[in-house]
Every structure is written in structure tokens, then in C-alpha cells.
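Visitor: Pasted the sequence and its predicted model underneath.
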Amino acid sequence: MLSNGQTLAIICTATICTFFLRIAPFLLFAGREVPQPVQYLGKVLPACVMAVLVVYCLKSTSFSSLSGWAPQCISVAVVALLHIWKGKTLVSIVGGTACYMVLVQMVFVS
């Protein structure tokens, strides 16, 4: 069991590390042009991370019954359509989550 002081130390350490990781690119590239490989990674990594998250979220999908796969697939489609339509990540995530929750709680009740 951690004491309050240990918990606070862990939170402060994580906060400081996160802050410095977020500010590091601005310090490294201040006044200089960002190298091409870094620009390329900035363009492709967000989509790659989202693809990995989709695979992770759908890895345990069961196709033995309609309620095992339909809510997930419909919600993924809603997220994709919202993102194509609005282009806003937060709208896509909130819309897909809301769709999934409605489907699981009200439509595909096990």
C-alpha cells in the first residue's frame, strides 16, 4: 500500500516527464526546419495508432451471435462516417461511443 507522499511523488514524476516530453520537440527544433523524416512520421503515425487501437478493441469480437459483433461493427462504421463527414476526432470518438452504448444497452441486449 502506497502512502499519500508516495502517491504524490508518482503523480508529480509522471507530470514532469509528460511535460518535458511534450515540450522537447519545440526545444529541439526551435528556429530550425523540422527534418523530412519527422514530418513524415507526424503525418502517418496518428493513422497507424488509430489502426492499432481499432484492432485492439475488436480482437475479442465474437461472431457466434449477432449481439457479439454487430454493435462493434456498426459503431466502427459510425466513427468512420463521422470522421469523414466532420473531420473532428472528438466528435468521432464521442459519437461512436454513444452509438455503441445505445446498441449494447437497448438494441442488442443479451
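Guide: It's in.

Visitor: Contacts for the helix or strand of the chain with the lowest mean pLDDT, please.
Guide: Lowest on mean pLDDT, DSSP states H and E among the helices and strands of the chain sits helix 36-58, with a mean of 90. With contacts defined as CB atoms under 8 Å, 6 or more residues apart in numbering, helix 36-58 is touched by 29, 34, 72, 76. Any C-beta I mention is one placed from the backbone N, CA and C, and that applies to glycine too.

Visitor: switch the cut-off to 7 Å
Guide: Applying CB atoms under 7 Å, 6 or more residues apart in numbering, the contact partners of helix 36-58 are 72, 76.

Visitor: Walking through the protein, point out its helices one by one.
Guide: 4-28, 36-58, 66-86, 89-102 (DSSP state H).

Visitor: just so I know, which of the ones you listed lies nearest residue 109?
Guide: Closest approach to residue 109 among these is made by helix 66-86 (7.6 Å; CB to CB).

Visitor: List the buried residues in the closest one.
Guide: 70-72, 74-76, 78-79, 82-83 (16 or more other CB atoms under 10 Å).

Visitor: now swap in stretch 17-32 and tell me
Guide: For stretch 17-32, a neighbour-count test (16+ other CB under 10 Å) marks nothing as buried.

Visitor: taking the mean pLDDT, what do you get for that stretch?
Guide: Stretch 17-32 shows a mean pLDDT of 92.

Visitor: Could you tell me how far it lies from the centre of the chain?
Guide: Here stretch 17-32 is found 22 Å from its chain centre; the criterion is CA atoms, centre = their mean, to the nearest Å.
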